[in-house]
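**Q** please find the sequence and the predicted model below.
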Amino acid sequence: GKCNITNTFQHPSCYHGRHPEFAWEVIQQFPLQQTVAFFSRLGIYTKNRDGYLYPASGQASSVLEVLEAEARYLKVKIKCKEQVTDICGSSDPAQGRWLVKTQSWQYAADSVIIACGSPASEITGSCTSGYEFAEKLGHTIIKPLPALVPLACKGSFFKKWAGVRTEGCVSLAVDRQIFREERGEIQLTEYGVSGIPVFQLSGYAARLLDEGVPVRLLLDLMPDFTEESLHVFLKTRMENCPYKTLKESLVGLFPKKLIDVLTQDNSGDLASLVQKIKCLELDVKSPRSLRQAQVCSGGVSTEELSPKTMESSIQPGIFFAGEVVATDGICGGYNGPALPRREHTLHSDIYRALSAHLLKRFQKGTIFTAPAKKSKGRRNGHVERFTHAYHTAIKASSGAHRKRPGKKDFKNIENKKRRASLMDDPKTISGRQE
C-alpha cells in the first residue's frame, strides 16, 4: 500500500468506541503538526492529497524502513523470533516490577507496553494475545468485533450484481429510523455490499447485530435527486425515446448488471422503479469475518486507562497502545495516525520516569548506555529495551555500573537533545499542499 500516514481533517466524530472522547483527548496531545514533524525528522517527506498525507515515495515500506533505522540508531533490541507467553509481577522489585516471559527467556521491566494489535485481517502476527494478557491482569475486555468490513445481506439476487461499483448513499436503519448514513462508491458483491460508505457503517452494524438488534441498509442509488425529481427525469427520458422499454431507458444511468436487478419483477411501473432506486432495502445478515476486516472494534476498556499516559489504572507500569485498545477510527488513515500519538503519550510518561532515574545516577558519576555490552560480571546499571513483533518491555534497572564520563558520552547526550528539539521545530514539518 501507500500508507496514509495521517489527515489534515481531525474531529471527534472520526473515532468510535463506547467513549470516543478518550481517543480525541489522546489525539490532541500529539496534534497534526507534531505527527508530520515526527515522520519528517525520520526522513518521510509527506504529500498532501485532498487532506490525506502520504509518503512522497508512495510506498508504505518506506515508513517501516525509517522506523527500523531509527530503532537501530537508538540501539533498540528487536526480538522477532520470540513470542511472549506471560506477563506477571516480579518477585524481585529491585530488578523491575514486571516479568515478561517468553518460551526461552524472561525479561524484568519496570514498565511494559502491550501493543499486540488485533485478530483483524490476514496479516502475519494478527492475534488475540493482547486481550488475553490484559484480561489476566484484571482488565475488562469489550468483545472484539470486525469493523471496516463488508456486510453480508439476506437475499438471492446478489450474484446478479456482483462486481458492480456505483456512487450512492448508504443509510443504516434500526426500527425504520435512520441511525447513520454515508455517501461514496458502493461495491456490490455476491454476498451483499462493500466499499468505503459500507465500511464506515459496519462497526455499528456488527455491534447492533451482536446485541440482537436487527439492522437494515437503505441504498439511494441517485442521491442527487429527490424522489419527485427522479420521477420527472425518468418520465422525460421515456418520452424522448418512446420506442424504449422502462428497462432500456436506464441504459446510460446504471451498469447493465444493476439494471437487471432494479427491473426484475417490474412490469413497467415507473413509480415502483423510482422507489427502488431511491430506497433499495437490504436486511443485514452479518459482517464478514475478522479475516476480511481492516480493524477491530472493542478491546481493553478505555475506562481503565489514563488518556494522558495510556497507563493502566489497575496495574501501574502496564501501558496499552494500538488496536488492542477499545477505540477505532473511520476509513482513510484514522486508525494508523493514532498509533504514534498513543505511543508518544505513553512513552512521554515512561521517559519522564527514566530521565529522572538516569539524572540521579549521572549526578553520582554513573553513565548509562543502552544496551550495555555483555561482560563476565554483573550486567546492571543500564536501560534495556526489549521489543518483538507483539510486545515491548522497557526496563530501568537499578544496579551501579560506574565509570568516569568521557567526551564521547557528553557528545551523545547533546546529539540526543538536539534530535529531540527537532520535534517542536516548525521548520522540520513537511506535507505541503499539492
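**A** It's in.

**Q** from what I can see residue 63 touches residue 6, true?
**A** No - shown here, residue 63 and residue 6 do not form a contact pair, counting by C-beta atoms under 8 Å, at 11.3 Å. Where you see a C-beta, it was placed from the backbone N, CA and C, and this is true even at glycine.

**Q** contacts only, for residue 273.
**A** 234, 246, 262-263, 266 (C-beta atoms under 8 Å, 6 or more residues apart in numbering).

**Q** can you count the residues close to the residue nearest to residue 301 when sequence neighbours are not counted?
**A** Among residues not flanking residue 301 along the chain, residue 140 sits closest, at 4.2 Å (C-beta to C-beta, 6 or more residues apart in numbering). By other C-beta atoms under 10 Å, 14 other residues sit near residue 140.

**Q** strands along the stretch 101-250 of the chain, start to end?
**A** Counting by DSSP state E, counting those that start in this stretch, the segments of the stretch 101-250 of the chain that form strands are 106-109, 111-114, 141-147, 151-153, 164-174, 177-188, 192-194, 216-220.

**Q** before we move on, the earlier item: of residue 63 and residue 6, who's got more company?
**A** Between residue 63 and residue 6, counting by other C-beta under 10 Å, residue 6 is the more crowded of the two (27 against 20).

**Q** and the closest residue to residue 56 other than its chain neighbours, its phi and psi?
**A** Ranked by C-beta to C-beta, 6+ apart and with sequence neighbours excluded, the top spatial neighbour of residue 56 is residue 45, at 4.5 Å. Residue 45 adopts backbone torsions of phi -90, psi 120, taken as degrees, to the nearest 10.

**Q** and the nearest residue to residue 133 once chain neighbours are set aside, bridged to which residues?
**A** Nearest residue to residue 133, sequence neighbours excluded (C-beta to C-beta, 6+ apart): residue 87, at 5.2 Å. Taking DSSP bridges as the rule, residue 87 bridges to residue 100.

**Q** okay, stretch 7-26 in CSV with CA atoms only?
**A** What follows is stretch 7-26, C-alpha atoms only, in CSV (Å, rounded to 0.1, in the frame of the first residue of the first chain):
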residue,chain,number,x,y,z
ASN,A,7,-5.1,13.6,7.7
THR,A,8,-5.5,17.3,7.8
PHE,A,9,-9.1,16.9,9.0
GLN,A,10,-9.4,15.8,12.6
HIS,A,11,-12.6,15.7,14.6
PRO,A,12,-14.0,13.7,17.5
SER,A,13,-16.6,12.1,15.1
CYS,A,14,-13.7,10.3,13.3
TYR,A,15,-13.3,8.0,16.2
HIS,A,16,-15.6,5.3,17.6
GLY,A,17,-16.0,3.4,20.8
ARG,A,18,-18.0,3.5,24.0
HIS,A,19,-16.0,6.5,24.9
PRO,A,20,-14.9,8.2,21.7
GLU,A,21,-13.8,11.3,23.7
PHE,A,22,-11.0,9.2,25.1
ALA,A,23,-9.4,8.9,21.6
TRP,A,24,-9.8,12.6,20.9
GLU,A,25,-8.1,13.5,24.2
VAL,A,26,-5.1,11.3,23.2
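
**Q** list the buried residues of it.
**A** 7, 10, 14-17, 19-20, 22-26 (16 or more other C-beta atoms under 10 Å).

**Q** could you dump the residues you listed to TSV with distance to residue 119, pLDDT and secondary structure?
**A** As requested, the buried residues of stretch 7-26 are arranged in TSV below (distance: C-beta to C-beta, whole Å; pLDDT from 0 to 100; DSSP: H, G, I helix; E, B strand; the rest coil):
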residue	distance to residue 119	pLDDT	secondary structure
7	26	87	strand
10	28	86	coil
14	23	89	helix
15	21	90	strand
16	18	89	strand
17	18	88	coil
19	22	88	coil
20	22	82	helix
22	22	92	helix
23	20	89	helix
24	26	89	helix
25	27	91	helix
26	23	89	helix
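
**Q** hmm, back to that, what number of residues lie near the residue nearest to residue 133?
**A** Other residues close to residue 87 by other C-beta under 10 Å number 23.

**Q** ok, it touching residue 137?
**A** Yes - counting by C-beta under 8 Å, residue 87 does reach residue 137; the two are 6.9 Å apart.

**Q** between the two, what contacts are shared?
**A** Joint contacts of residue 87 and residue 137 (C-beta under 8 Å, 6+ apart) are residue 318.

**Q** that'll do, ta.
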